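# fold the following, please.
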Amino acid sequence: MYKSVPIILGLILLALTLCLPFLPISIVKNWISGINNIAYDQQLKIRLFKHATITSPIAIVDIDDQSIKSLGRWPWPRSLIGELISRIQQDGAAVIAVDFMLSEQEPNIANKVMQKLDQKKLLTLPLENTIKKIVPDFNEDNTLATILSQSDNVLGFSFLQMSEKNGQLPLPTLSLLTAKERNLNFLAAEGYLGTLPALQAAA
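Numbering: from 1, shown residues only. The predicted structure follows:
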């Protein structure tokens, strides 16, 4: 059965090739683009399979299109990011480096519900008191901070050439104290985009 697969594919490609002169140019371009994408995917799979036995101290966990298609559009809720980090922790990672920004607080859905009810004049005092009791259960940042505190993590940050400063940076690994050290010609940044302080403290 498997031996006939290349023959069948070859016949299909031959038939498609013979039809090319009679097809609109847009369809031809889409067909060629699709073939290129399939060929590229197969090359990646072959390379990954070829090097599958090679071990590395570094593993890259990529949030790709398939991940977004399966789990929802980006940005993901902090609780979902926490689940991903927790899984990586369980797989034995010594240090986890996060290369996206976590500089802003994630809105609490319970607070958003209260605000919407209040706007529509539907928020009664008993209902408000009930929702306030569950507000901590929907604090996505606290959920992520708890998971981050269970392992060593490096969270994403960026230096800026403008004076804006937002979020918190990790503690420096070294300080340039002497005049000689300060003359090492490192780039000097006026500002930075750091991490939400609660998350940085937990990392």
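# all contacts plus neighbour counts: C-alpha atoms, from now on.
Noted.
# show me what counts as buried in the host helix or strand of residue 200.
Assigned by DSSP states H and E, residue 200 belongs to helix 197-202. Neighbour-count burial for helix 197-202, counted by 16 or more other Cα atoms under 10 Å, picks out 197, 198, 199, 200, 202.
# which stretches of the chain have low pLDDT?
Low-confidence segments of the chain (pLDDT under 70): 1-23, 25-37, 39-55.
# now the strands for it?
With strands called from DSSP state E, the chain shows them at 95-97, 152-154, 158-160, 165-166, 191-193.
# burial measure for residue 77, as a count.
With neighbours defined by other Cα atoms under 10 Å, the count for residue 77 comes to 15.
# pretty sure it sits against residue 140.
Yes: Residue 77 is within contact range of residue 140, at 7.0 Å (criterion: Cα atoms under 8 Å).
# which residues sit in contact with residue 111?
Residue 111 makes contact with 132, 135, according to Cα atoms under 8 Å, 6 or more residues apart in numbering.
# how about 6 Å then?
Taking Cα atoms under 6 Å, 6 or more residues apart in numbering, we find residue 111 in contact with no residue.
# ramachandran coordinates for the residue minimising distance to the centre of the chain?
Residue closest to the mean C-alpha point of the chain, counted by Cα atoms, centre = their mean, is residue 63 at 5.0 Å. Main-chain torsions, residue 63, degrees, to the nearest 10: phi -90, psi 90.
# distance of it relative to residue 73?
Distance, residue 63 to residue 73, using Cα to Cα, to the nearest Å: 11 Å.
# likewise residue 140?
17 Å.
# between these two, which has more neighbouring residues?
Set side by side, residue 140 and residue 73 show more neighbours around residue 140, with 20 against 11, by other Cα under 10 Å.
# what residues are up against the more buried one?
Taking Cα under 6 Å, 6+ apart, one finds 78, 79 in contact with residue 140.
# please redo it, this time with the cut-off set to 7 Å
Residue 140 sits next to 77, 78, 79, 106 when contact means Cα atoms under 7 Å, 6 or more residues apart in numbering.
# repeat that for residue 91.
Residue 91 neighbours (Cα under 7 Å, 6+ apart): none.
# equivalent analysis for residue 148, please.
Contacts of residue 148 (Cα under 7 Å, 6+ apart): 202, 203.
# let's see 10 Å
82, 85-86, 89, 96, 142, 154-155, 199-203 (Cα atoms under 10 Å, 6 or more residues apart in numbering).
# before we move on, what about residue 143?
Counted by Cα under 10 Å, 6+ apart, residue 143 has contacts 78, 79, 80, 81, 82, 83, 136, 137, 199.
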